[in-house]
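Colleague: here is my input, please return the structure:
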Amino acid sequence: MWLWWIGNALLLIVVVPVVLLLANRVMRPALEIQRYARDILEHGAGLDKNLEPLPAVVETRDLVSAAKGLAVRYVTAAGPLL
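Modeller: Numbers count the residues shown, from 1 in each chain. A predicted model of the protein is given here:
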């Protein structure tokens, strides 16, 4: 019977702290990953608002290229007048 008590004492003194230490070493990075994932989700959802005017950029590019052609025609026509 006294061997049973020694085994229980060893279990409480040695095994339980080792298990708690290892669990802590696993949980700390897991919680950090969870914080990073939550941060990525929050800022990724905020990025959607900034991408709404993106189709207007294509229209602006087309208008600028058209204006560039008209500006070249204007400068070549106004060149002899200067």
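
Colleague: for Leu51, grab phi and psi.
Modeller: phi -100, psi 0 (degrees, to the nearest 10).

Colleague: got a list of what it touches?
Modeller: Contact analysis of Leu51 by Cβ atoms under 8 Å, 6 or more residues apart in numbering lists nothing. C-beta here means a position set from N, CA and C on the backbone, and glycine is covered the same way.

Colleague: how close does it sit to Leu21?
Modeller: Distance of Leu51 to Leu21, computed by Cβ to Cβ, to the nearest Å: 46 Å.

Colleague: equivalent analysis for Arg28, please.
Modeller: Noted for Arg28: a distance of 11 Å to Leu21, by Cβ to Cβ.

Colleague: just the mean pLDDT for the longest helix belonging to the chain, thanks.
Modeller: The residue-count maximum for a helix in the chain (DSSP state H) belongs to helix 16-50. Mean pLDDT, computed over helix 16-50, is 91.

Colleague: check which element follows that helix along the chain.
Modeller: Following helix 16-50 in sequence order, the next helix or strand is helix 54-78 (DSSP states H and E).

Colleague: off-centre distance for that next one?
Modeller: 37 Å (Cα atoms, centre = their mean, to the nearest Å).

Colleague: can you list contacts of it?
Modeller: If you take Cβ under 8 Å, 6+ apart as the criterion, helix 54-78 is touched by no other residue.

Colleague: quick check: mean pLDDT of it?
Modeller: On average, the pLDDT along helix 54-78 is 85.

Colleague: all further residue positions should be reported with the first residue as 41.
Modeller: All right, first residue 41 from here; so that's helix 94-118.

Colleague: which positions in it come out as buried?
Modeller: Across helix 94-118, burial judged by 16 or more other Cβ atoms under 10 Å covers no residue at all.

Colleague: neighbours of Leu121, how many?
Modeller: By other Cβ atoms under 10 Å, the residues close to Leu121 number 5.

Colleague: in what helix or strand does it lie?
Modeller: Using DSSP H and E, Leu121 is not contained in any helix or strand.

Colleague: need the pLDDT of it.
Modeller: Leu121 carries a pLDDT value of 75.

Colleague: having no further points to raise, I will conclude here.
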